[in-house]
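Student: Turn this into a structure:
(2 chains)
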Amino acid sequence: MSDQSRQRRYQNLVEGYSGWLYRYAYWITGDATTAEDLVQETFLRAWRFLDGLQEESAAKSWLTTILRRENARRFERKQLDYSDVELDTVPTDNQTFDARPEVLALRNALQHLPVKYREPLLLQVIDGYTLDEIAEQFDLPRNTVATRLHRARQKLRKHLEGEELLIADELS
Amino acid sequence: MNCLEVRQLILADPARLPQEARLHLQQCQRCYGFAEEMNQLNQDLTQAFRVPVPEELSSRILLRHALEGDQPESSPVKRRGWMMALAASLIVSLSISLWLNLNVTEDKPLLAEAILGHMPHEAAIVEQAHNLTHDKRIDQVLAQINATRQGDLGPVVYATVCIIDGMEMAHLAIEEEGVHYTVMLIPTAAFSAPTWFENDRWQGVAASGAGSTVAILTDVQRQRPPAETRQKLSDMAESYQRLLGYNAASAS
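Tutor: Okay, here's the model as predicted:
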């Protein structure tokens, strides 16, 4: 592959997937700055191993795998380079796309959801991954993924019901 | 299949129920209600997960790649200082280029670029949207940008508020004969005449009037003959300019 076509291919990946990777990183790190760093690291590594990507249709999954590995590496060097960030804390961000009360309540509920439940839910809801695809991505049995998604929705539902009861109590 | 089994499937993946589970829903009102609740939860989750992506993220990645693509790794903290300096210079140059663009051209090619650039963010979700969106949801989305329905919008299968070019806009998807059409209502009158734009995946037309712009896009790969598609998009742009009433006075 010529340098020019390699550059072009890389640029297409950056333009096509940086938004997706940023959101993914945001929800697994809980911090906007860390998320951007993670996306930058992911694309630097992607450039080095670009020739290993055989088919463009697998690009998103390939990049997501790199990002997850970079996140694991981040923890290895976290004491040196990062201030402590609670993994399960989602920052308050006033610049949101949708500020309806039910969506804000849901964001709050997601904040309390462990990452192991939040991550497969993100892949399924935002990107339409099937159970089999998530299982492949995480190298987990399909049934384990199904159970995590099952529990994720149960926990969210329970949390939202609790919120409603609290609001009802406050109003009464 | 009993209620417990069906509900387990719904909780794991409400959007992809097997035929057997769907048959159960037709006969069981309670499970049907539960499935509806989980589908609504999915729609709300889609919005909850959609946090804003920093502006010019792609440009910053490509800039850094150009500067240190094959260099040894440096620490993120050191690099952050570098990146802040680079970002500052990038913002200055982008501001100058934006200012020049706004002053030399009446139509806004930047908005057309932004419209095309926005499409990948929603594509995966829209492609899977086949159920009709409730009118109440459509009204909520339109109300958020000071617009109202002025008639039947047709088979809307997706409706949400997005940010484009720093503005909130309504993003709808219409499904006709298996083809998705994206309809965007953007609260700025950017084009003095209907303007066509396309990239390797999408093509569309944008037309402005009464303080707003309506853009209609469809997938290039699923097109009918080009002339027919252009006619269809053009007709839709005209219709949706009528059907989506934007209240510029109330917005200002």
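Student: At the geometric centre of chain A, which residue sits there?
Tutor: Nearest residue to the geometric centre of chain A (CA atoms, centre = their mean): A:Y24, 2.4 Å.
Student: Can you tell me the element that one falls in?
Tutor: A:Y24 is part of helix A:3-29, with elements assigned from DSSP states H and E.
Student: and the nearest residue to B:P194 once chain neighbours are set aside, what is it in contact with?
Tutor: Closest residue to B:P194 apart from its sequence neighbours, by CB to CB, 6 or more residues apart in numbering or on different chains: B:A207 at 4.3 Å. (Glycine included, C-beta is placed from N, CA and C.) Going by CB atoms under 8 Å, 6 or more residues apart in numbering or on different chains, B:A207 touches B:191, B:193-195, B:213-214, B:237-238, B:241.
Student: what pairs with B:A207 across the strands?
Tutor: Taking DSSP bridges as the rule, B:A207 bridges to B:V214.
Student: Mind listing residues that contact stretch B:216-236?
Tutor: Taking CB under 8 Å, 6+ apart as the rule, stretch B:216-236 contacts B:115-116, B:119, B:174, B:179-184, B:194, B:196, B:198, B:200-206, B:237, B:240.
Student: So which of the residues you listed sit within strands?
Tutor: Among the contacts of stretch B:216-236, the members falling in strands (DSSP state E) are B:174, B:179-184, B:196, B:198, B:202-206.
Student: Neighbour count for these - can I get that in TSV?
Tutor: Below are the ones in strands among the contacts of stretch B:216-236 laid out as TSV (neighbours: other CB atoms under 10 Å in any protein chain shown):
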residue	neighbour count
B:I174	20
B:V179	14
B:H180	19
B:Y181	21
B:T182	22
B:V183	25
B:M184	23
B:W196	12
B:E198	13
B:W202	18
B:Q203	20
B:G204	25
B:V205	23
B:A206	25
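Student: Out of the residues you listed, which is nearest to chain A?
Tutor: The closest of the ones in strands among the contacts of stretch B:216-236 to chain A turns out to be B:W202 (CB to the nearest CB; 12.7 Å).
Student: ok, back up a step: which neighbouring elements make contact with whatever helix or strand comes next after the helix holding A:Y24?
Tutor: For helix A:3-29, the following helix or strand on the C-terminal side (DSSP H and E) is helix A:32-48. Where contact means 3 or more CB pairs under 8 Å, 6 or more residues apart in numbering or on different chains; DSSP states H and E, helix A:32-48 is packed against helix A:3-29, helix A:59-76, helix B:57-68, helix B:76-104.
Student: ok, the shortest one near chain A or not?
Tutor: Yes: in terms of CB under 8 Å from any CB of the partner chain, part of helix B:57-68 sits within range of chain A, namely B:57-58, B:60-62, B:64-65, B:68.
Student: For the chain, name the helix or strand with the lowest mean pLDDT.
Tutor: Here I'm looking at chain A. Within chain A, no helix or strand scores below helix A:78-81, which has a mean of 49 by mean pLDDT, DSSP states H and E.
Student: look at chain B instead
Tutor: Least confident helix or strand, chain B: helix B:76-104 with a mean of 52, by mean pLDDT, DSSP H and E.
Student: Run through chain A and note the low-pLDDT ranges.
Tutor: Residues of chain A meeting the criterion pLDDT under 70: A:1, A:77-99, A:163-172.
Student: Tell me how chain A divides into domains.
Tutor: A:1-91, A:96-172 (automatic domain parsing).
Student: who are the neighbours in contact with the spatially closest residue to B:L45 that is not a sequence neighbour?
Tutor: Using CB to CB, 6+ apart and skipping the chain neighbours, the partner closest in space to B:L45 is A:V125 (4.7 Å). When the contact criterion is CB under 8 Å, 6+ apart, the partners of A:V125 are B:42, B:45-46, B:49.
Student: Look at A:V125 and give its secondary structure.
Tutor: Put simply, A:V125 is helix when judged by DSSP: H, G, I helix; E, B strand; the rest coil.
Student: do B:G245 as well
Tutor: With three-state DSSP as the basis, B:G245 sits in strand.
Student: Local confidence estimate at the nearest residue to it once chain neighbours are set aside?
Tutor: Once flanking residues are discounted, B:G245 sits nearest to B:Q150: 4.5 Å by CB to CB, 6+ apart. Listed pLDDT for B:Q150 reads 88.
Student: Verify the stated contact: B:Q150 with B:R242.
Tutor: Yes: with contact defined as CB atoms under 8 Å, B:Q150 counts as touching B:R242 (6.3 Å).
Student: Does anything pack onto the longest helix anywhere in chain A? Which helices or strands?
Tutor: When chain A is scanned for its longest helix (criterion: DSSP state H), the result is helix A:142-171. If you count contacts as 3+ CB pairs under 8 Å, 6+ apart, helix A:142-171 packs onto helix A:101-111, helix A:115-127, helix A:131-138, helix B:3-12, helix B:29-49.
Student: Direction-wise, compare the shortest one with helix B:3-12 and give the angle.
Tutor: Using axes from the mean of the first three to the mean of the last three CA atoms, to 10 degrees, one finds that helix A:131-138 and helix B:3-12 are set 50 degrees apart in direction.
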